[in-house]
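> My questions are about this predicted structure, shown below with the sequence.
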Amino acid sequence: MKFSKAYLLYPDNKALELAISSAIEMMSEDLAASAVLDTMGTTPDNFLQTRGDFEQQRFSSNILESARDALEQALANESRDQEPLAWAGIQNNLGNVLAASAQQMQDEALYEKAIQSFSSALEVLDQETSAMEWAATQYNLGTASQALGRQLGDAKLLKQATDAYTDALLVWSKEKMPMEWGYTMHRLGASLHAHGKLLKGNRTLQKAVVAYKNALAVFDADLTALELVATYNNRGAVLQHLGQSEENADRLEEAVRSYETALTVSMEQQLPIHLAVLCKTNKATARMLLAELTQDAALADEVADEFELIIECFPHALQPLCSMHCEEQMKNARLLVATLSGKAGTEAA
């Protein structure tokens, strides 16, 4: 089956930011200065937190090539045998920078190099003697595998990502490392979601719902608003696709509630407006699916008005493809209203 459109949100990649920071310390002053993000522009970026797993907001994306060069040079100067932890740390940083470049260019080969960097680091790390480093590397391996798996539609890579995140959770417990645990649960949910869509597997999608629910236990609106919004929104997307697959109205209603919570938190915490608009668009899409499933003309009419409101009130916050999606959904909703009204009139006659 063809799953409906749902817009996902991605929390900041802390590991990537640390990797770039580490690389900058190895650069000349001139190169380091070029890492500063240009914030002088007045045009809002409506793609923030939507580009993928390896998006970061602190540094200019132009610094990635220089960061890669610096880390590769540092790796050549570091002894794997004499300083295994330091060597593994550089491999980790290099893997994150490679994956960020891969995402930017949609480059399969760079993703594969990133995955190899993380795999190499794991060769010298041990769950018992270097637990924190081992878990962090498993997490990074999972994120790179997930990103490439989504790009290629590769179930094997997505299973690899799921396994890596599960391994990281052996060390990062909810009690001792709540934030690391929460971030891992969030990305585990994303991997299971993507894997479940490929497999058309409802059980895998159900596991994704549980993973996202787990992540919600450690995120809060005051300290981790973006993470909370992303988790509620992405959980809504899984429920939307699960409801579509099962033809289950209860799942779709739960998806609507999850999107509504994401929208509320986003507005209350004054996150960038385009994030709220995406949550609102997702919510309307789930309601459209519910109207189609239940053949509810009144609901379809409400959905048509909701999409019209999004188009008219938030044109400055809509991504181009999102705007097209809203217009298409609005037309479909009005067509459904007309069809159901005509059917009701025929039956009455």
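Sure, I can see it.
> roughly how far is the helix or strand hosting Ser258 from the heart of the chain?
Ser258 is located in helix 249-268, with elements delineated by DSSP states H and E. Distance, stretch centre to chain centre, for helix 249-268: 17 Å (Cα atoms, centre = their mean, to the nearest Å).
> which helices and strands does it pack with?
helix 225-246, helix 273-294 (3 or more Cβ pairs under 8 Å, 6 or more residues apart in numbering; DSSP states H and E). Where C-beta positions appear, they are placed from N, C-alpha and C, glycine not excepted.
> Could you check how many residues crowd around the residue nearest to Met26 when sequence neighbours are not counted?
Spatial nearest neighbour of Met26, excluding adjacent residues (Cβ to Cβ, 6 or more residues apart in numbering): Ala70 at 4.2 Å. The tally of other residues near Ala70 (other Cβ atoms under 10 Å) stands at 25.
> Sticking with Ala70, tell me its helix or strand.
Ala70 belongs to helix 64-77 when assigned by DSSP H and E.
> So His195 sits against Gln160, correct?
No. With contact defined as Cβ atoms under 8 Å, His195 does not reach Gln160; the gap is 10.1 Å.
> follow-up on the earlier one: quick one: the helix or strand just after the helix holding Ala70 to helix 64-77, angle?
As assigned by DSSP H and E, the chain's next helix or strand after helix 64-77 is helix 84-105. Relative orientation of helix 84-105 and helix 64-77, computed by axes from the mean of the first three to the mean of the last three Cα atoms, to 10 degrees: 160 degrees.
> Packing partners of helix 84-105?
Packing partners of helix 84-105 (3+ Cβ pairs under 8 Å, 6+ apart): helix 14-24, helix 64-77, helix 108-124, helix 131-152.
> quick one: it to chain centroid distance?
With Cα atoms, centre = their mean, you get 19 Å for helix 84-105.
> buried ones in that helix?
Buried residues in helix 84-105, counting neighbours by 16 or more other Cβ atoms under 10 Å, are found at 84, 87-103.
> try stretch 189-208
Result for stretch 189-208 [16+ other Cβ under 10 Å]: buried residues 189-197, 204-208.
> contact partners of the helix or strand of the chain with the lowest mean pLDDT?
In the chain, no helix or strand scores lower on mean pLDDT, DSSP states H and E than helix 29-33, which sits at a mean of 84. Contacts with helix 29-33, where a contact means Cβ atoms under 8 Å, 6 or more residues apart in numbering, come from 24, 63, 66.
> could I get those residues as CSV with neighbour count and pLDDT?
Shown next, in CSV, are those (neighbours: other Cβ atoms under 10 Å; pLDDT from 0 to 100):
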residue, neighbour count, pLDDT
Ile24, 19, 95
Ile63, 23, 94
Ser66, 21, 95
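> Out of those residues, flag the one nearest to Phe307.
Ile63 (39.7 Å; Cβ to Cβ).
> ok now do the closest one, which residues does it touch?
Ile63 neighbours (Cβ under 8 Å, 6+ apart): 20, 23-24, 31, 34-35.
> Check Leu228 too.
Here Leu228 is in contact with 216, 219-221, 262, 265 (Cβ under 8 Å, 6+ apart).
> List only those of these flagged as buried.
Using 16+ other Cβ under 10 Å, the buried ones in the contacts of Leu228 are 216, 219, 262, 265.
> Now flag whichever of those residues is closest to Ala114.
Set against Ala114, the nearest of those by Cβ to Cβ is Phe219 (26.8 Å).
> Show the contacting residues for the closest one.
Phe219 neighbours (Cβ under 8 Å, 6+ apart): 182, 227-228, 231.
> Swap in 6 Å and give it another go.
182, 227-228 (Cβ atoms under 6 Å, 6 or more residues apart in numbering).
> Val277 against Ala317, yeah?
Yes. Using Cβ atoms under 6 Å, Val277 is in contact with Ala317, at 4.5 Å.
> Of the two, which one has the most company?
Val277 (24 against 19).
> Mind pulling up the pLDDT for that one?
As predicted, Val277 sits at a pLDDT of 98.
> Gly345 now?
Gly345 is given a pLDDT of 65.
> what's the burial count for Arg51?
13.
> which phi and psi does it have?
phi -80, psi -30 (degrees, to the nearest 10).
> could you check the distance from it over to Asn233?
15 Å (Cβ to Cβ, to the nearest Å).
> likewise Ala23?
32 Å.
> ditto for Gln270
16 Å.
> which one of the two has more residues nearby?
Ranked by neighbour count (other Cβ under 10 Å), Gln270 and Asn233 place Asn233 first, with 27 against 9.
> burial measure for Val124, as a count.
18.
> separation between it and Asn93?
Distance from Val124 to Asn93, by Cβ to Cβ: 15 Å.
> Quick one: residues contacting Ala333.
Contacts of Ala333 by Cβ under 6 Å, 6+ apart are 288, 300, 303-304.
> Give the buried residues for the lengthiest helix in the chain.
Scanning the chain for the longest helix, with DSSP state H as the assignment, gives helix 320-348. Buried residues in helix 320-348, counted by 16+ other Cβ under 10 Å: 322-323, 325-326, 329-330, 332-334, 336-337, 340.
> just how off-centre is that helix within its chain?
30 Å.
> Stretch 230-239 too?
That offset, for stretch 230-239, works out to 10 Å (Cα atoms, centre = their mean).
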